[in-house]
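# Sequence plus the predicted model coming up.
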Amino acid sequence: MGGETIHTEPGAMMHMSNDVGASLYCPGNCCMRWCCLGAGCCMTSYTNNGQDGYIGLTPLFPAKIIAEKLPKEADGHWIVKKRGYMASHGNDVKVEASWDCCSTTCCCGALGCVRQKLSSPSGEGTMFLNAGGTIMKKVLADGEVILIDHNSIVAFKDTVDYKLQMIGNCMMCCCGGDGMCGAKMTGPGEVYMQSMSFEKFVKSVAPSQAQ
């Protein structure tokens, strides 16, 4: 509709109608975005200056797009892995840093000590995330537990408790290919998972070191 705006990471636009105008802006705290969140210092906003404008967006690597309406900020927020955020619709969507001060999950989990936090004070915003392979959304009941490979986590509600749990014995940890620990996610709340993370994709296309 006329006047609507969508905000994206640079390079996400694939095509758009002639009435859509583009502008670049700095959302603030460039050092945090660049050094900690793996995002660029600037973002792009596309505004429909006509009546029936359109825009097509694409991830920056072979991936699919997840669209999820954000709840009101008072009702919680989403925790998203670094580089998971692609775009958002709504001028009040906040993309901030979420710090994980637990030394166990920081050092042994793939999400690191800082993740992206997305919220919308009005509850009218929508986030668009990029994820590879098959996408799965799991709605956890209160107290329900699921074990997930760390690199497969895309996003989860802040109501979900995130901890680590040892998978199998020492032989499994060393030779099983899944690492020493898995992510123990306890509900209530929603979790998005992917079968082909960006990190796994890079390893799969990297030249073999075998001679």
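Yes, it's here. Numbers count the residues shown, from 1 in each chain.
# remind me, longest helix of this protein?
helix 198-205 (DSSP state H).
# Who are the contact partners of the residue nearest to the spatial centre of the chain?
Residue closest to the average C-alpha location in the chain (C-alpha atoms, centre = their mean): Gly84, at 2.8 Å. Contacts of Gly84 were listed using C-beta atoms under 8 Å, 6 or more residues apart in numbering, and they are Gln116, Leu129, Asn130, Ala131, Val154, Ala155. All C-beta spots, glycine's among them, are computed from the backbone N, C-alpha and C.
# Gly50 now?
Gly2, Ser17, Asn18, Asp19, Val20.
# The closest residue in space to Thr58 that isn't next to it in sequence sits in which helix or strand?
For Thr58, ignoring the flanking residues on the chain, the nearest one in space by C-beta to C-beta, 6 or more residues apart in numbering is Met14 at 4.3 Å. For Met14, the element it lies in under DSSP states H and E is strand 13-16.
# so what strands line up beside that strand?
Its sheet considered, strand 13-16 pairs with strand 55-57 (antiparallel) by DSSP bridges.
# What helices and strands are in contact with the following helix or strand past the partner strand?
Note on strand 55-57: by DSSP H and E, the next helix or strand toward the C-terminus is strand 64-69. The helices and strands touching strand 64-69, judged by 3 or more C-beta pairs under 8 Å, 6 or more residues apart in numbering; DSSP states H and E, are strand 126-131, strand 153-157.
# what is the orientation angle of strand 64-69 with strand 126-131?
With axes from the mean of the first three to the mean of the last three C-alpha atoms, to 10 degrees applied, the angle from strand 64-69 to strand 126-131 works out at 150 degrees.
# and strand 64-69, which strands flank it?
strand 126-131 (antiparallel).
# export the strand it pairs with as PDB, just CAs?
Output in PDB follows, covering the C-alpha atoms of strand 126-131 (Å, rounded to 0.1, in the frame of the first residue of the first chain):
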ATOM      1  CA  THR A 126       6.900  -8.500  10.900                       C
ATOM      2  CA  MET A 127      10.400  -9.900  10.800                       C
ATOM      3  CA  PHE A 128      11.900 -11.700   7.800                       C
ATOM      4  CA  LEU A 129      14.700 -14.200   8.500                       C
ATOM      5  CA  ASN A 130      16.900 -16.200   6.200                       C
ATOM      6  CA  ALA A 131      17.500 -19.900   6.900                       C
END
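# what's the helix or strand following it in contact with?
Counting by DSSP H and E, the element after strand 126-131 in chain order, helix or strand, is strand 135-140. Applying C-beta under 8 Å, 6+ apart, the contact partners of strand 135-140 are 64, 66, 146, 154, 160, 185-195.
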